[in-house]
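S.K.: following is a predicted model, sequence given first.
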Amino acid sequence: MDLDEERIALFLDYENLAIGARDRLDGMRFDLRPVLDALAERGRVIARKAYADWSYFDEDRRMLTRSHVELIEIPQRMGASRKNSADIKLCVDALEMAFERDYVTTFVICTGDSDFTPLVHKLRELNKRVIGVGIKESTSKLLPPACDEFLYYEALEGVDVPAERRRRGRKGGGGRPIPEERPAAPEPEPVEDEEQQESTAPLDEDQLAILIAQTVAGLEQSAAGPVLASSVKRALLRKDPTFSEADHGFRAFGEMLRHLAERNVIELSEGAAKGDPEVSLPSQGGETEAFELLRDVVGDLGAQGTVQLSGLKNRVRKVRPDFSEKKYGYRGFLQFCRAAATQGFVTLEWDDDAEDYVVAIP
């Protein structure tokens, strides 16, 4: 076990997250998997706790159980505030862990509630790193500056928020959760079977390239130094404990990395330790070609009128069906377009009338 890797404790103010996603993302259901994937690039999650009155979140409870989250029940009582009870219990448990388990180096507090700001300050006083996670439009402006790092849920890889949801978050939230009028969820057994099939099915080569590029990009953002091959392997195993390069036809992890380097997915350079090279994303080559593709598509569409970001990715895929911004380490198409704009291939501006980004040729 690498003693230098971050050891993470995850605490979820689940009612805040679920209501925030529902009210601010137009009914979208909160999914924990993107959060876990982002944390896998930062360290090893050794504790997972979620706090809520679970009678209001039956389907969510099954999802969290499959992700090995300990569910802390905060039942509603007459004359008592369920919200305050959950907040207090979360704070007590986090501080208890900080004092009793010195090996925990990082605390992840998933909430947008400013009431947790004193907890963040206290954990940092105890020399703990604190990462916050919250829904952007339901997160207090006081909380992110208090954390060492704050991740907005909508920006995480795997969270697909349609443009219309991004621009018209409904007002509300903060109140008592109400039972959702949705069709009954399927029995959990078939869902688990499907997930098991998905997790054991080998990725094709393009999917493997996307997975490696995303992982390296995440490590480059969070690591203080060079990204080593051993760090990439640990991050992959945290994302999927069943991952094995042998499933993709490679005898060793280094052989797989060399193959991907030949495809210009990554770049390898000699590391400090023999057999553990440094891994990085290519700075030129395929990325420039992708930016040129975007510019050509925008130019063709621009002759017909204004080009909006919504639907643009589908138009790019009509020209190149295998296009994916994730191959180049970008977590979303908007981030890819921003990078293209930074390098002068296109311009990207928000249009209040269209309620969307407008993409054009400079």
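M.R.: That came through fine.
S.K.: pull the contacting residues for Asp93.
M.R.: For Asp93, the contact set (C-beta atoms under 8 Å, 6 or more residues apart in numbering) comprises 11, 49, 72. Glycine gets a C-beta too; all of them are placed from N, C-alpha and C.
S.K.: which sections of this structure are below the confidence cut-off?
M.R.: Scanning the chain for pLDDT under 70 picks out 1-3, 77-83, 162-203, 241, 283-285.
S.K.: which residues touch the most centrally placed residue in it?
M.R.: Nearest to the mean C-alpha position of the chain, counting by C-alpha atoms, centre = their mean, stands Leu156 at 3.0 Å. Neighbouring residues of Leu156 by C-beta under 8 Å, 6+ apart: 34-35, 37-38, 331.
S.K.: tell me which two in the residues you listed are the farthest apart.
M.R.: The most widely separated members of the contacts of Leu156, counting by C-beta to C-beta, are Val35 and Arg331 (13.4 Å).
S.K.: show me which of the two is the more surrounded one.
M.R.: Each of Val35 and Arg331 has its neighbours counted (other C-beta atoms under 10 Å); Val35 has more, 24 against 20.
S.K.: quick check: the more buried one touching Tyr153?
M.R.: Yes - between Val35 and Tyr153 there is a contact under C-beta atoms under 8 Å: 7.2 Å.
S.K.: quick check: neighbours shared by those two?
M.R.: With C-beta under 8 Å, 6+ apart as the test, Val35 and Tyr153 both reach Val133.
S.K.: what's the closest non-adjacent residue to Pro362?
M.R.: Thr347 (5.3 Å; C-beta to C-beta, 6 or more residues apart in numbering).
S.K.: sorry, wrong one. I was asking about Leu95.
M.R.: Spatial nearest neighbour of Leu95, excluding adjacent residues (C-beta to C-beta, 6+ apart): Lys122 at 6.7 Å.
S.K.: what about the residue nearest to the centre of the chain, distance to Lys141?
M.R.: Look at Leu156 and Lys141: by C-beta to C-beta, to the nearest Å, they are 20 Å apart.
S.K.: same question for Arg42.
M.R.: 24 Å.
S.K.: just Leu32 next, same as before
M.R.: Leu32 is 25 Å from Lys141, by C-beta to C-beta.
S.K.: who's more crowded, those two?
M.R.: Using other C-beta under 10 Å as the criterion, Leu32 and Lys141 rank with Leu32 on top: 20 against 8.
S.K.: residue contacts, the residue nearest to that one when sequence neighbours are not counted?
M.R.: Leaving aside its chain neighbours, Leu32 sits nearest to Ser67 (5.2 Å; criterion: C-beta to C-beta, 6+ apart). Shown in contact with Ser67 (C-beta under 8 Å, 6+ apart): 32-33, 36, 48.
S.K.: quick check: helices, which of the residues you listed are part of them?
M.R.: Per DSSP state H, helices hold the following members of those: 33, 36.
S.K.: distance to Thr106 added to the contacts of Ser67, as CSV?
M.R.: As requested, these are exported to CSV (distance: C-beta to C-beta, whole Å):
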residue, distance to Thr106
Leu32, 17
Arg33, 19
Leu36, 14
Arg48, 13
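S.K.: and the strands in the chain?
M.R.: Here the chain has its strands, by DSSP state E, at 6-13, 43-52, 70-73, 106-110, 129-134, 149-152, 267-269, 278-280, 307-308, 347-351, 356-360.
S.K.: count of neighbours near His68?
M.R.: The number of residues packed near His68 is 9, by other C-beta under 10 Å.
S.K.: check contacts around it.
M.R.: By C-beta under 8 Å, 6+ apart, the contact list for His68 reads Arg48.
S.K.: check the gap between it and Phe345 for me.
M.R.: Distance, His68 to Phe345, by C-beta to C-beta: 43 Å.
S.K.: check Arg61 too.
M.R.: Arg61 is 46 Å from Phe345, by C-beta to C-beta.
S.K.: same question for Val358.
M.R.: 15 Å.
S.K.: look at the two and report which has more neighbours.
M.R.: Taking neighbours as other C-beta under 10 Å, Val358 and Phe345 compare with Phe345 leading, 20 against 16.
S.K.: you'd agree that one is up against Phe291?
M.R.: Yes - between Phe345 and Phe291 there is a contact under C-beta under 8 Å: 4.3 Å.
S.K.: now Thr111, nearest residue through space, not along the chain?
M.R.: In space, Thr111 is closest to Asp13, 3.6 Å off (C-beta to C-beta, 6+ apart).
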